[in-house]
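In: Below are the sequence and a predicted model; questions follow.
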Amino acid sequence: MNGDTAAQTPTGTDHTAEGGVGVPVLTDQPSSAVPGPRAPGLAPGSDLLSGSAAGSEADGGPDDGPDDAGPAPGPERPAWLRGLARFGHAPAPQAPLAERLVPPMPDGPGVTPDRVAPSALLLRLGVALPAPLWSWLCRWAGWLGPVAVAVFAGVLRFTGLGQPHAIIFDETYYAKDAYALWHGGYEISWPDGANEKIISGGPVPYRPDPSYVVHPPVGKWIIGAGEQLFGMNPFGWRFAVALLGTLSVLMVARIGRRLFRSTLLGTVAGLLLAVDGLHFVLSRSALLDLVVMFWILAAFGFLLLDRDRTRARIAERLGGLADSAAAQRLNLGWRPYRIAAGVCVGLTCATKWSGLYVAAAFGVLTVLWDAGARRLAGAGRPYLWTLVRDVVPAFVSVVVVSVVVYVTSWWGWFASSTVPGKGGWGRDWAVGRSTDYPWIPEGLRALWHYHSTVYDFHTHLSDPHTYQSNPWSWLVLGRPVSFFYESPKQGQAGCTASECAREVLGIGTPLLWWAGVVALVYCLWRWAARRDWRAGAVLCGLAAGYLPWFAYQQRTIFLFYAVAFVPFLVLAVTMLVGALIGPPGVSRDRRIIGSTAAGLLVLLIVWNFLFFYPLYTGETIPMDDWRRRMWFTSWI
């Protein structure tokens, strides 16, 4: 996400000269909320590695916690701290309020100076870049790394996108529904043999007979956009989803950079998402779940931008000094980023109903962030004042806006005919039907009836499926989903052995997910014990996409639903990588050991992705190679 401009955040400084590792420097000088030039040699005020931001609220809780809500300079220290002082303990210097509200961003336009000193690391390696080129690279490092991993992800996702040349798994629903939406505004009932006719390249057997469907239309409109551009074929119906998958890699890199105040860790997050198998497979399939993931991630990114923008405005209005009365009275004003987040939440719900839980989780998250900002600014009873001043605007921005977006997304169904059999399914239900609520338009009453039947369908869906799984097994990849499978014989489909296998397996990169389990434990500790708001934010996003499924364990559900929270799993692993590298100021040996361990973890994850790559893309491989990749019998 963007937001490097000086108008949004206090200044940081380029840290590329230190090899990508910022060393926080504290100062007793007051800091203006309006960004200005940083003193020479001052590095970003963030812990790029372990999450302990100098002068920031890295140790804060979901509402930023007691460490960042420290009183204005001068109050007497608690007795236990005074006791520790007898043993030589000295509290860390207090950073200026502006930097505690909005820790400085790393290098970027409006942040990095025009001239940057040469990198000591590169000089030791004998590399001396021209000063203008080096300064330009430092200034745009915040975009160069994320864009590079996004390009890498795009090449992976678009290469051979039309293969397998088949309608795989639930593409049989969404590819055809998408075509119907673009040609008639509502989903239709397709004739027998439609799949074969479509794959053969013949005329599409479209007919206007309405069909009952159980998912909202936005994801299908997006899939249909690719069909409009490239035709009704596998490449066409997978194109738009592959594009969103590529853009989500760029977004998670920028989000990680803003969350951890580190271009290095942001780029690592983008790379890890690029090589996650489940994200990769869903990016190359015309299913709705990758679209759901994209809008969830976009909403989270906008909320992060809103958080920084709002806190910068608070610091500016307070003049860099905590003021209880002023912090209580503050009107946080127009918040376009939070409204944009509400639009994205609405688009999530308008793709799949699982977005409803995201709306609730993110609504609570942004309110807690507001309470933390008021508390840090010195407000007494910050939760009360947040309730009075911030809850209603947050509700309107996230919930009301998302409802409006959701209802609007059904415009094609609303515009269809109310003549029975001539419009969308159930469009004619309210025509001439008596009601106790005649003031509600017929279209809305019909839509409500439609949704009541859809709700009944979702809550009672229990049709057994070979590849269904329980959410308890998702994080350890207990039961993946086979989207496509063939067993070509020698001489068929590129088979050079006596027997071959060709499969598209919906499974995450195992080492990434298993490291993610450890990373989630680490994030839980950071959030509960160290009150780290960033760990809480990551856990909130993951919980919104994961925990609701435990309420529907009797329902037929699949592992690929988990793609909705994969970006947050990746961010958790990235936070663990930062902890392995170590905080600023550690010894050189600690840094070397930690960086080696972190680099080895990332390299093993990339290798693991490449090892399973044939199973992600449907390549024809000898059966023995296929068996070597079936690490557990539950994967078959």
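Out: Sure, I can see it. Residues are numbered from 1 along each chain as shown.
In: three-state assignment of Val573?
Out: Using DSSP: H, G, I helix; E, B strand; the rest coil, the structure places Val573 in helix.
In: Surely it and Leu512 touch.
Out: Yes - with contacts counted by CB atoms under 8 Å, Val573 reaches Leu512, the gap being 6.6 Å. For the C-beta atoms, the positions are set from N, CA and C on the backbone; glycine is no exception.
In: anything in contact with each of these two?
Out: Residues touching both Val573 and Leu512 (CB atoms under 8 Å, 6 or more residues apart in numbering) are Leu272.
In: Just give me the residue closest to the centre of this structure.
Out: In the chain, the residue lying closest to the centroid (CA atoms, centre = their mean) is Leu297, at 3.0 Å.
In: so how far is Val570 from it?
Out: 10 Å (CB to CB, to the nearest Å).
In: OK, contacts around Pro217?
Out: Contacts of Pro217 (CB under 8 Å, 6+ apart): 181, 350, 409-410, 412-413.
In: for Trp353, that is, sorry about that
Out: With CB under 8 Å, 6+ apart, Trp353 has these contacts: 215-216, 454, 458.
In: If any of those residues are buried, put those into a ChimeraX selection.
Out: Selection of buried members from the contacts of Trp353 for ChimeraX, criterion 16 or more other CB atoms under 10 Å:
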select :215,216,454
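In: The contacts of Pro217 into TSV, with extra columns for secondary structure and distance to Ser262?
Out: Output for these, formatted as TSV (DSSP: H, G, I helix; E, B strand; the rest coil; distance: CB to CB, whole Å):
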residue	secondary structure	distance to Ser262
Leu181	helix	42
Ala350	coil	34
Ser409	coil	37
Trp410	coil	42
Gly412	helix	44
Trp413	helix	45
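In: Return the closest of these with respect to Gly599.
Out: Ala350 (41.2 Å; CB to CB).
In: Could you tell me how many residues sit around the closest one?
Out: 24 (other CB atoms under 10 Å).
In: Let's verify Arg555: helix, strand, or coil?
Out: coil.
In: Look up the pLDDT of it for me, please.
Out: Note on Arg555: pLDDT of 84.
In: ok, it touching Leu461?
Out: Yes - the pair Arg555 and Leu461 qualifies as a contact (CB under 8 Å) at a distance of 5.2 Å.
In: Strands of the chain, start to end?
Out: 481-486, 500-506, 620-622 (DSSP state E).
In: Just tell me which of the ones you listed ends up closest to Trp631.
Out: strand 500-506 (11.6 Å).
In: Within its sheet, name the partner strands of that closest one and how each one runs.
Out: Applying DSSP bridges, strand 500-506 is found paired with strand 481-486 (antiparallel), strand 620-622 (antiparallel).
In: possible to save the ones you listed as TSV with distance to Phe609, mean neighbour count and mean pLDDT?
Out: Shown next, in TSV, are these (distance: least, CB to CB, whole Å; neighbours: other CB atoms under 10 Å; pLDDT from 0 to 100):
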stretch	distance to Phe609	mean neighbour count	mean pLDDT
strand 481-486	17	18	96
strand 620-622	16	18	95
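In: Go through those and name the closest to Leu559.
Out: Using CB to CB, the nearest of the strands paired with strand 500-506 to Leu559 is strand 481-486, at 5.6 Å.
In: quick check, distance from the closest one to the centre of its chain.
Out: Distance of strand 481-486 from its chain centroid, counting by CA atoms, centre = their mean, to the nearest Å, is 27 Å.
In: ditto for stretch 542-551
Out: For stretch 542-551, the distance to the chain centre is 15 Å (CA atoms, centre = their mean).
In: For it, buried residues please.
Out: Applying 16+ other CB under 10 Å to stretch 542-551 flags 542, 544-546, 548-549 as buried.
In: With stretch 326-335 instead?
Out: 326-328, 330, 332, 335.
In: re the thing from before, okay if I get the strands of the chain as JSON lines plus distance to Asp308?
Out: Below are these laid out as JSON lines (distance: least, CB to CB, whole Å):
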{"stretch": "strand 481-486", "distance to Asp308": "38"}
{"stretch": "strand 500-506", "distance to Asp308": "36"}
{"stretch": "strand 620-622", "distance to Asp308": "47"}
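In: can you tell which of those is closest to Leu318?
Out: Nearest of the strands of the chain (CB to CB): strand 500-506, 50.4 Å.
In: Return the closest one as PDB; C-alpha atoms alone will do.
Out: What follows is strand 500-506, C-alpha atoms only, in PDB (Å, rounded to 0.1, in the frame of the first residue of the first chain):
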ATOM      1  CA  CYS A 500       2.500 -41.000 -15.300                       C
ATOM      2  CA  ALA A 501       0.400 -38.700 -13.200                       C
ATOM      3  CA  ARG A 502      -0.900 -35.200 -13.900                       C
ATOM      4  CA  GLU A 503      -2.500 -33.300 -11.100                       C
ATOM      5  CA  VAL A 504      -3.400 -29.900  -9.800                       C
ATOM      6  CA  LEU A 505      -3.400 -30.300  -6.000                       C
ATOM      7  CA  GLY A 506      -4.700 -27.500  -3.800                       C
END
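In: so where's the protein shaky on pLDDT?
Out: 1-78, 80-82, 84, 86-93 (pLDDT under 70).
In: If we use 80, what do you get?
Out: 1-95, 97-98, 107-111, 121, 320-327, 329-330, 333, 458-463 (pLDDT under 80).
In: which one is Asn608 nearest to, not counting chain neighbours?
Out: Leu511 (4.2 Å; CB to CB, 6 or more residues apart in numbering).
In: since we're on that neighbour, how many residues are nearby?
Out: Counted with other CB under 10 Å, Leu511 comes out at 18.
In: Show me the helices in the stretch 301-450 of the chain, by range?
Out: Assigned by DSSP state H, counting those that start in this stretch, the stretch 301-450 of the chain shows helices spanning 324-329, 336-349, 355-376, 382-389, 391-395, 401-408, 411-415, 442-459.
In: Tell me how far the fifth one lies from the chain's centre.
Out: Centroid displacement of helix 391-395 relative to its chain, using CA atoms, centre = their mean, is 23 Å.
In: Next, the buried residues of it.
Out: 391, 393-394.
In: Provide the contact partners of that helix at residue level.
Out: 332, 335, 338, 363, 366-367, 370.
In: Including distance to Gly193, could those go into JSON lines?
Out: Formatted as JSON lines, the contacts of helix 391-395 follow (distance: CB to CB, whole Å):
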{"residue": "Leu332", "distance to Gly193": "59"}
{"residue": "Arg335", "distance to Gly193": "53"}
{"residue": "Arg338", "distance to Gly193": "49"}
{"residue": "Gly363", "distance to Gly193": "47"}
{"residue": "Thr366", "distance to Gly193": "50"}
{"residue": "Val367", "distance to Gly193": "53"}
{"residue": "Asp370", "distance to Gly193": "57"}
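In: Next up, the contacts around Trp143.
Out: Gly108 are the contacts of Trp143 under CB under 8 Å, 6+ apart.
In: Compute the distance between it and Pro109, please.
Out: 9 Å.
In: go on, Pro584?
Out: Taking CB to CB, one finds Pro584 at 24 Å from Pro109.
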